[in-house]
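Trainee: Structure for this input, please:
(4 chains)
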There are 2 protein chains.
Amino acid sequence: MTTMQDVATRAGVSAKTVSRVFNDDPHVTEDTRERVQSAMRELKYVPNMLARTFREGKSAVIGIAVPDVADPFFAAVTKGIELAAREHDMAIVVTSLGDNPALEQSIIQTTVRRQIDGLIIAPIAADQSYLARWQDSFPIVFIDRIPTKLHADYFVEDDFGGAFEATKHLIAHGHHRIAIVGDSTDVPTTKLRLEGYLAALADAGLKSDQELIALGSRDADAAAHVCKTLLALPDAPTAIFSSNARFSTGVFPALQALNRTDIALISFGDFPMADVLQPSVSVIDQNPRHVGRVAAERILARIAAPTKKFRRKNVIPVKLIERQSCQSPVTHLLPQLTSDARM
Amino acid sequence: MTTMQDVATRAGVSAKTVSRVFNDDPHVTEDTRERVQSAMRELKYVPNMLARTFREGKSAVIGIAVPDVADPFFAAVTKGIELAAREHDMAIVVTSLGDNPALEQSIIQTTVRRQIDGLIIAPIAADQSYLARWQDSFPIVFIDRIPTKLHADYFVEDDFGGAFEATKHLIAHGHHRIAIVGDSTDVPTTKLRLEGYLAALADAGLKSDQELIALGSRDADAAAHVCKTLLALPDAPTAIFSSNARFSTGVFPALQALNRTDIALISFGDFPMADVLQPSVSVIDQNPRHVGRVAAERILARIAAPTKKFRRKNVIPVKLIERQSCQSPVTHLLPQLTSDARM
DNA sequence: GAAACTCATGTCATCGATGACATGGGCTTC
DNA sequence: GAAGCCCATGTCATCGATGACATGAGTTTC
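Mentor: The predicted model follows:
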């Protein structure tokens, strides 16, 4: 690996002068500058960021910790972060936290010890107080779920409002037996989405039925199984609010396998191909790229102006994308052309 | 940030002894070891990986460069790499190359200058000779496309064989007018897939028709548009071989919008929800997690045994997953239950 | 008893780039 | 002419952990 000292030797100057040239320091004569640049080109010099980071105390890296890098939602969030970071010549280090809350702290420490200039985290544990010791070193921004036992920036979707709107939408389409399927309410986002669901029922003067609150699944397969159980009830639901896109990808195939695509479905979170399923699935869109971008921009803003005040608590509005899945059965069994004309 | 010197001061030893304790060096008495460990716990010491990397010349980081981190295929590859890396206490740095070949080199240099112990790259440019200078420093493994002008390890799918099989499958279902839709043949994977397609036609004694070779799209929208053009031909195709899952997610919605789901479709590469679309889409499955894993394992193997010989050229078999999309129209318009019983 | 070996601990240079400051020369101001 | 300022360049300590080696004490072998 070519070092600045190698370039310096070749150009007949000190390494410090090479550093000055490389960093566009004005205190270099034009003649010296050209000589050094020529040597850099000849030796194809690429700076060692590690040494720079070490000396400067800055890495130009944003750490990203999400439950699963392969999850479409978090992949899109990551993309949003990456694009914003790149505009500022920063790189990203990504890690999956998995779904075991007990591992969050140790996995985060693995990321942090590599020296990052900021951390964006979608937490899975119930306690983030372990991060307090690093808040003096770099900005930390939470996404998807708010931090617990830690005062930090966050950008989360309007879980309550989105669930409220989704449930309202189902009610407006005539559904009164509405199930909610998803994670355990130990998961804060699920808890809020349940609250939104319950509030919409109450707002419409409907009584909630504990049998229809089918929370506690861990993955898409479990959600699929829960659906089958729900539809076997004597007083089965006519609609399902899936509290997470990850589960929706289990719920939809289950409904299809049961030949029950007459059951209305709305997903909190969009997912790939949802718009071309039959019926196409109505969703509450979280706009993950935007989430990633604003989170990264907050990191960058805090780095640029360490003492400036920014609003810490940010709830991002979500948007209902109405597709076919909440229509009545008569509507979406019509020929495709007719259905498209209606949309 | 607590340093080893802080711990050393507290424990009344040298920083070197702290290092020995931390790294389980046997040349420390049990008494000293306990004293140091106690100090580490009290100070919540977390080592600075940067300093270690700097001194040791090893970072325990694998760099990953793929066209797009948000692409489901590459997200799954990344996941496979991450899991393998984590088993060896290594982290991953991820970057998206985008789709402009001219930017590959500069983006890769941004990754490399951060000191990585290995690089896994799905290239987009026509020339990777710029990587030669780093091959003495760390192992480089190519995925998805073979390296050009560089002698390096690669793990690529059987593009030719998969395309051959996909086309054969369509022919076996009675299709003689088969179009191929996808990227430009400047893209090496597309070129091979075209060759497989052509070979299968020739093998079946079918003549290829230039009108049905609809390559050159850049994204899913363009592929959708190409489909419309193809189906407007006087002698329109009855089947489409989509050479990339990314394009399939444009082709399928286009066929649906045109109410032409009678057109057979097979996708090179699986994609989310393909199995629950109607008709569910037959695919040539690339198993991206496996690709990621074997690539990472090669990096790890080369690090562990630098002089050992490994096979550089690895073509990973792909697998046909037959679903409904290549059936004749009569078959997949039957009631769902009947269709499932047949599968 | 002397030499060799082992164990435990410590010192110090190293990694590559940069911050802090020194230094010498030239120019300007008083 | 002296003092102060600015420019251009260089020296050297720094960043935190570890490799290379030194050192002193204790034990074993000849």
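Trainee: hey, where'd the strands end up in the stretch 1-150 of chain A?
Mentor: Shown for the stretch 1-150 of chain A, the strands assigned by DSSP state E, counting those that start in this stretch span residues A:61-66, A:91-96, A:118-121, A:140-143.
Trainee: and the third one, what does it pack onto?
Mentor: Put plainly, it is strand A:118-121. With contacts defined as 3 or more C-beta pairs under 8 Å, 6 or more residues apart in numbering or on different chains; DSSP states H and E, strand A:118-121 has these neighbours: strand A:61-66, helix A:104-112, strand A:140-143, helix A:288-304. (C-beta placed from N, C-alpha, C; glycine too.)
Trainee: Give me the neighbour count for the residue in the stretch 51-200 of chain A that DNA strand C sits nearest to.
Mentor: Checking the stretch 51-200 of chain A residue by residue against DNA strand C with C-beta to the nearest atom of the strand singles out A:Ala51 as nearest, at 3.1 Å. Residues near A:Ala51, counting by other C-beta atoms under 10 Å in any protein chain shown, number 15.
Trainee: for chain A, where's the lowest mean pLDDT among helices and strands?
Mentor: Sorted by mean pLDDT, DSSP states H and E, the helices and strands of chain A end with helix A:336-342, the least confident at a mean of 42.
Trainee: Now do the end-to-end distance for stretch A:209-216.
Mentor: The first and final residues of stretch A:209-216 sit 16 Å from each other (C-alpha to C-alpha, to the nearest Å).
Trainee: What's the mean pLDDT across it?
Mentor: Averaged across stretch A:209-216, the pLDDT comes to 95.
Trainee: what does that stretch rub up against?
Mentor: Defining contact as C-beta atoms under 8 Å, 6 or more residues apart in numbering or on different chains, one finds that stretch A:209-216 is touched by A:177-185, A:190, A:194, A:226, A:229-230, A:233, A:235, A:237, A:243.
Trainee: 6 Å instead, please
Mentor: Outside of stretch A:209-216, the residues within contact range by C-beta atoms under 6 Å, 6 or more residues apart in numbering or on different chains are A:Ala179, A:Ile180, A:Val181, A:Gly182, A:Ser184, A:Thr185, A:Val226, A:Leu230, A:Pro237.
Trainee: pLDDT below threshold where in chain A?
Mentor: In the predicted model, chain A carries pLDDT under 70 at residues A:328-343.
Trainee: Residues of it that sit close to DNA strand D?
Mentor: A:12-17, A:20, A:26-29, A:31-32, A:54-55, A:57 (C-beta under 7 Å from any atom of the strand).
Trainee: Just checking the distance from stretch A:20-27 to the centre of its chain.
Mentor: Here the centre of stretch A:20-27 is set off from its chain's centre by 39 Å, with C-alpha atoms, centre = their mean, to the nearest Å.
Trainee: Can you give me the first-to-last residue distance of it?
Mentor: The first and final residues of stretch A:20-27 sit 8 Å from each other (C-alpha to C-alpha).
Trainee: That stretch vs DNA strand C: in contact?
Mentor: Yes: using C-beta under 7 Å from any atom of the strand, stretch A:20-27 reaches DNA strand C at A:Phe22, A:Asn23.
Trainee: Pull out the buried residues from that stretch.
Mentor: Of the residues in stretch A:20-27, A:Arg20, A:Val21, A:Phe22 count as buried by neighbour count, 16 or more other C-beta atoms under 10 Å in any protein chain shown.
Trainee: Excluding covalently adjacent residues, which one is nearest to the first one?
Mentor: If the residues on either side of it in the chain are set aside, A:Arg20 comes closest to A:Val28, at 5.1 Å by C-beta to C-beta, 6 or more residues apart in numbering or on different chains.
Trainee: Equivalent analysis for the last one, please.
Mentor: Once flanking residues are discounted, A:Phe22 sits nearest to A:Pro47: 6.5 Å by C-beta to C-beta, 6+ apart.
Trainee: Phi first, then psi, for that neighbour.
Mentor: Torsion angles at A:Pro47 (phi, psi; degrees, to the nearest 10) stand at phi -70, psi 150.
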